[in-house]
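**Q** Sequence first, predicted coordinates after that:
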Amino acid sequence: MKRLQNLADLQAAAAVTEAAASVQVPHGRLRVLVGMATCGIAAGASPVLDVFRSEVQARGLGNVQVLSTGCIGACRLEPMVEIRAADGSRVTYVKLDAAKAARIVQEHLVEGRVVDEYTIGKEDHRPQSDHIQQARSLEATSFFGRQFRIALRNCGLIDPESIGEYIARDGYAALGKALLKMTPVQVIDVIKQSGLRGRGGGGFPTGRKWEFAAAQSGPLKYVICNADEGDPGAFMDRSVLEGDPHSVLEAMAIAGYAIGAAQGFIYVRAEYPLAVQRLGLAIRQAREAGLLGDNILGSGYGFDVQLRLGAGAFVCGEEIALITSIEGQRGEPKPKPPFPAIKGLWQKPTVINNVETLANIPVILLKGAAWFTAIGTPKSPGTKVFAVGGKIGITGLVEIPMGTTLREIIYDICGGIPGGKRFKAAQTGGPSGGCIPAQHLDTPIDYESLTALGSMMGSGGLIVMDEDNCMVDIAKFFLDFTVDESCGKCPPCRIGTVRMHEILQRITAGEGREGDLEQLEELAGNIKLASLCGLGQTAPNPVLSTLRYFRDEYEAHIRDKRCPAASCRALVRYEIDPERCCSCGLCVQSCPVAAIHGSKGKPYLITRDYCIACGACAAKCPFTAIHKH
Amino acid sequence: MADSTDMTRVTTGLVPEPLDPALEAQLAEIIDSHRAMPGALIPVLHEAQELYGYLPMPVLERISAGLKVPMTEVYGVVTFYSRFSLQPKGKYRIQVCMGTACYVKGAEALLDRLREVLHIDPGQMTTDRLFSLDQCRCIGACGLAPALIVNTEVHAKMETTQMDSLIAELRAKEGR
Ligand SMILES: Cc1cc2nc3c(=O)[nH]c(=O)nc-3n(C[C@H](O)[C@H](O)[C@H](O)COP(=O)(O)O)c2cc1C
Ligand code: FES
């Protein structure tokens, strides 16, 4: 794109590319969007894209435009393709492969007949997903229809590798408005009035953070985008970076203008190679178009962005550790204050914001604070993106207004628990959060309500667990994580989490003792109080919240040496039901430790002392005669 | 927290390998092009690891001298971050995601099976240098859990029964 000198140039660019943009497909034309985010590619989207590209070219279908796009959010149905027509109609095909793609080219693109059996409603036959049957397009499903997309507004709609498409969807218009029609103080006021709170976990008001940094004197300040997304199980930041990278760049430039910074850094985790690549491309495009660099849109203001890669340390998501890491050192936190807004990167005032927080900024600036506060709850305006995973009908990304209940997300939007199993708990907030049991499913979600339940908002990971998941094991899993990721600087976190982990290890191995739970609670309290950074201060939460709601499960492990979910290997017993056993001998062959014996004609037996509870026999048994207790 | 904090483990079982001379010039260029950059150490380590597949000691020494960062600091940084490896990795580097979504969906069973098939533990490499096995943090494919990566390719919705054929396919590709 040629350099845009002023606002008129930007508007002209938007008008030119509008024709090509997702909202308006020109008459007689079709637009084929292939989801090519990490999840789509992993599910096999590349060969699908290849078929569409090559077939459309080979057949000379001049009226068809084939594009790759970001993640639309329904991961389980990938590879997904959406075909849009000029009349606004949309058809969503799911779970495609190369052969299905070829058939769609022939029937839909050439002959104009929708291939019904591959559409979203038809492919998804699970009874839990009744609500999406009949639908031809994702838009018509309750999974999509009940969402409200601000941060994800462009994901899955535009080609993330084209700056023109972003501009056509009002991209960089907010930056133009800020630079040419507003003062920095006015920009900060709008963000303050909008009540936007940090989506990276803490929930700190973004406008106030900017105000602190703006109030510092001195020529050098920085803006950092926290794209470290450390919560295992959360991937909304990845989706925005891969599907709409320009929205983050635009917001960073706006933040820079508001606080008086000329340089920004994006700290992105190296585990996201596609995000790194698309960000790099977006930065080059924005520089070329004059939307980064000197004298943006003729305003006299200049701002540039550099990428920095993480190197696999969870603690580097914590803002001070992240700053230390950009400086080139071990990512260790330091006591606060001073806060980064006062003394941050290279001791200069620094605003650090999460990807999702930033993705909201351009929209708020264009639509105004009042529009934003009308969404969500009074204390937590706007929306939140949740990455819903685990034992759930539709795994994927869901953006909903704050104040929506967990029940609506899990049952109405994501189709409930598969396999007729019972819901047990939802884990939010990752390693800093906790488990929310069934009796609280109707709590409206916001920062305060989740904290009151002993969990927290965190970055928006939401893992659903059913009756087969053991809550002690889950607590141990998270402790495992924090033990591994504790940076080692402060003893309460370094040593305390190891001690807690040892106790949990013992309990799940069937060697729990009376007094263990009390000791866990005491350790937890001390670690929370004495740790240096948020990692240690929140590390005991998964244990405390499961103790609060599932204490009986801990007690069953300790007193009865029993795992009620039949998940902890050391406590699980496999038994062969003599009534159902037809002594076919398949189990004997599948047993890796020769723990099953018997002879034809008589029911087989498992020797408990040898059994390692691997479950191989139960999986093989054609008569479901082998049960786990 | 990184995979090797202890000097003895770095070298045991491994004959120190001579550095590929063809890569020397490229390493020098990586170091040179970052000299003026504040906080250059981590970006340089990333690129050096990309070049060599891991971070051998002589490479760290070169980086230390080139960027004028004390060796203790270089070593401290390398061992802090889990993505940096002081040990060589297999031609096929298998990383099993141990993020929450994958764990809940049975990632541990995948890892157990790979252990059995490859006869190595996470953090190790097979003697024929074909495979190395590691656990990794969430790779962002949680919607398709459980997932694993072979080099850079994400394999989603994996089942334990697929592990044997995955390894067999890769072995066949190498004619073994
Ligand atoms: C251990 C720990 C890990 C964190 N990880 C992340 C992360 O991965 N991404 C993120 O945006 N914020 C993370 N945070 C929060 C940041 O410290 C910081 O509050 C946030 O980036 C501020 O941006 P926001 O106000 O826009 O949310 C983490 C905090 C702690 C204590
Ligand atoms: S938890 Fe495995 S990809 Fe996220």
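**A** Alright, I've got the coordinates. Numbering: from 1, shown residues only, chains lettered A, B, ... in the order given. Ligands and ions are numbered 1, 2, ... in the order given.
**Q** Skipping its backbone neighbours, what lies nearest residue A:159 in space?
**A** Sequence neighbours aside, residue A:67 is the residue nearest to residue A:159 in space, at 4.6 Å (criterion: Cβ to Cβ, 6 or more residues apart in numbering or on different chains). Bear in mind the C-beta positions are built from the backbone N, C-alpha and C, glycine included.
**Q** As CSV, could you dump the C-alpha coordinates of the helix or strand harbouring the one you found?
**A** Taking DSSP states H and E as the definition, residue A:67 sits inside strand A:64-69. Output in CSV follows, covering the C-alpha atoms of strand A:64-69 (Å, rounded to 0.1, in the frame of the first residue of the first chain):
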residue,chain,number,x,y,z
VAL,A,64,-14.5,-16.4,-6.8
GLN,A,65,-12.1,-14.9,-4.4
VAL,A,66,-10.3,-17.4,-2.1
LEU,A,67,-8.8,-16.0,1.1
SER,A,68,-7.2,-17.3,4.2
THR,A,69,-8.5,-15.8,7.4
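**Q** buried stuff in that strand?
**A** A:64, A:65, A:66, A:67, A:68, A:69 (16 or more other Cβ atoms under 10 Å in any protein chain shown).
**Q** Take these and lay them out in TSV including pLDDT and distance to residue A:366.
**A** Below are the buried residues of strand A:64-69 laid out as TSV (pLDDT from 0 to 100; distance: Cβ to Cβ, whole Å):
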residue	pLDDT	distance to residue A:366
A:64	91	32
A:65	90	27
A:66	93	30
A:67	90	25
A:68	92	27
A:69	92	22
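**Q** Nearest to ligand 1 among the residues you listed?
**A** When the buried residues of strand A:64-69 are ranked by distance to ligand 1 (Cβ to the nearest ligand atom), residue A:69 comes first, at 24.3 Å.
**Q** which residues does that closest one contact?
**A** By Cβ atoms under 8 Å, 6 or more residues apart in numbering or on different chains, the residues touching residue A:69 are A:33, A:34, A:35, A:36, A:155, A:156, A:157, A:158, A:159, A:160, A:243.
**Q** and those, which of them are in helices?
**A** residue A:243 (DSSP state H).
**Q** Of the contacts of residue A:69, which belong to strands?
**A** Among those, the members falling in strands (DSSP state E) are A:33, A:34, A:35.
**Q** neighbour-wise, which of these leads?
**A** residue A:35 (31 neighbours; other Cβ atoms under 10 Å in any protein chain shown).
**Q** From residue A:71, how far out is the closest residue to that one other than its chain neighbours?
**A** Leaving aside its chain neighbours, residue A:35 sits nearest to residue A:80 (4.6 Å; criterion: Cβ to Cβ, 6+ apart). With distances taken as Cβ to Cβ, to the nearest Å, residue A:80 is found 9 Å from residue A:71.
**Q** try residue A:578
**A** With Cβ to Cβ as the criterion, residue A:578 and residue A:71 are 51 Å apart.
**Q** ok, these two, which is more surrounded?
**A** residue A:71 (30 against 12).
**Q** where does that one land on pLDDT?
**A** If you check residue A:71, the pLDDT there is 84.
**Q** Surely it is in contact with residue A:243?
**A** Yes - here residue A:71 reaches residue A:243: they are 5.4 Å apart, a contact under Cβ atoms under 8 Å.
**Q** what residues do these two have in common as contacts?
**A** A:37, A:155, A:156.
**Q** What backbone torsions are found at the residue in chain B positioned nearest to ligand 2?
**A** Residue nearest to ligand 2 within chain B: residue B:99 (2.3 Å; Cβ to the nearest ligand atom). The phi/psi pair for residue B:99 (degrees, to the nearest 10) reads phi -70, psi 170.
**Q** All set now, cheers.
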